[in-house]
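Colleague: prediction below, plus the sequence it came from.
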Amino acid sequence: MWVKICANTNLEDALLAAKLGADAVGFVFAPSKRLVTPAEVARITPHLPEGLERVGVFPAWSAEKIAATVREAGLTGVQLHGGFDPELVRALDEVFEGRIKIIQTVHWVVTAGESSEAEVMKQLRLIAQMPVERVLVDSKVGEATGGTGVPFNWAAASGVFAADHGLKLILAGGLRPENVGEAIERLQPWGVDVASGVEASAGRKDLEKVARFIGRAKALRERPQPPGPDAGEAA
Ligand SMILES: O=C(O)c1ccccc1N[C@@H]1O[C@H](COP(=O)(O)O)[C@@H](O)[C@H]1O
């Protein structure tokens, strides 16, 4: 199970996540209580272990601005959190020639009830035609598109996660040490991602919560995936 500990704001927390077995750490450049600047992240990433993925969470910026931030901050991945824009995905793939992992976020609008299922399914079919393997499904609550601490309806989402669209689905939204095991058992995602559920306060991680979250997630395995470029990297 691939695990990302997101919304880091300092070196201590990012190193803690790495030490406890996270596969990736995230840094939020979208409007957030956990917002960081490229310069701040540039002071953190040189001190992280080599194999640890460093993912920037971006709003709807241009490909040029995202690429400049990736370079300045020393990132290995981008999480496109400001909607699905095929042109942006193509432009980033071209600029980085596949060297950067792209995670496309799809939002499950929690107030939309079961109609979210059809909308998310539609977006996954479109994304499956793009040079993107990883898709993060996160809750949208009102205008808040991330870091909400609110899970979406896992029962309604079970068909989406069980469908064979050839994508690696990452579950996010309101995950915590207490519910991540149930979430994985019900949806069997390829990976999980958490921000607020492992915090002591906004932007500060809680050691014990991070340890319990990673321990629980790593104890469970994802659904077997078809072999691809990432095969075997998140066992
Ligand atoms: O974490 C944030 O503050 C944030 C703000 C704006 C966009 C994305 C953000 N984080 C992403 O949201 C998911 C879910 O957060 P939570 O676990 O429900 O608090 C998180 O994994 C980040 O990828």
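Modeller: Cool, the structure landed.

Colleague: quick one: average confidence on the longest strand belonging to the chain?
Modeller: Once the chain is assigned using DSSP state E, the strand that runs over the most residues is strand 101-109. When pLDDT is averaged along strand 101-109, the result is 96.

Colleague: tell me what that strand is packed against?
Modeller: Here strand 101-109 is seen to pack against strand 53-58, strand 77-80, helix 86-96, helix 115-127, strand 134-140 when contacts are counted using 3 or more C-beta pairs under 8 Å, 6 or more residues apart in numbering; DSSP states H and E. Every C-beta, even on glycine, is put in place using the N, C-alpha and C of the backbone.

Colleague: would you turn those into TSV with mean neighbour count?
Modeller: Shown next, in TSV, are the helices and strands packed on strand 101-109 (neighbours: other C-beta atoms under 10 Å):
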stretch	mean neighbour count
strand 53-58	24
strand 77-80	25
helix 86-96	15
helix 115-127	16
strand 134-140	24
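
Colleague: mind putting those in a markdown table, mean pLDDT included?
Modeller: As requested, the helices and strands packed on strand 101-109 are exported to a markdown table (pLDDT from 0 to 100):
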| stretch | mean pLDDT |
| --- | --- |
| strand 53-58 | 98 |
| strand 77-80 | 98 |
| helix 86-96 | 95 |
| helix 115-127 | 92 |
| strand 134-140 | 97 |
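
Colleague: TSV for these, including distance to residue 149?
Modeller: What follows is the helices and strands packed on strand 101-109, written out as TSV (distance: least, C-beta to C-beta, whole Å):
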stretch	distance to residue 149
strand 53-58	15
strand 77-80	18
helix 86-96	27
helix 115-127	18
strand 134-140	9
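
Colleague: got the ones you listed as CSV, with distance to the ligand columns?
Modeller: Putting the helices and strands packed on strand 101-109 into CSV (distance: least, C-beta to the nearest ligand atom, whole Å) gives the following:
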stretch, distance to the ligand
strand 53-58, 5
strand 77-80, 6
helix 86-96, 16
helix 115-127, 15
strand 134-140, 5
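
Colleague: which residues are in contact with residue 197?
Modeller: When contacts are counted by C-beta atoms under 8 Å, 6 or more residues apart in numbering, residue 197 is found next to 149, 174-177, 180, 209, 213.

Colleague: sorry, back to before: and the longest strand of the chain, how far out from the chain's middle?
Modeller: Centre-to-centre, strand 101-109 and its host chain are 8 Å apart (C-alpha atoms, centre = their mean, to the nearest Å).

Colleague: hey, C-alpha coordinates of that strand in PDB?
Modeller: Extracted as PDB, the C-alpha positions of strand 101-109 are listed here (Å, rounded to 0.1, in the frame of the first residue of the first chain):
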ATOM      1  CA  LYS A 101       4.900  11.500 -11.600                       C
ATOM      2  CA  ILE A 102       1.600  13.200 -12.100                       C
ATOM      3  CA  ILE A 103      -1.300  12.600  -9.700                       C
ATOM      4  CA  GLN A 104      -4.600  13.900 -11.100                       C
ATOM      5  CA  THR A 105      -7.100  14.800  -8.300                       C
ATOM      6  CA  VAL A 106     -10.800  14.000  -8.900                       C
ATOM      7  CA  HIS A 107     -13.300  15.500  -6.400                       C
ATOM      8  CA  TRP A 108     -16.100  13.600  -4.800                       C
ATOM      9  CA  VAL A 109     -18.600  16.400  -3.900                       C
END
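
Colleague: thank you, goodbye.
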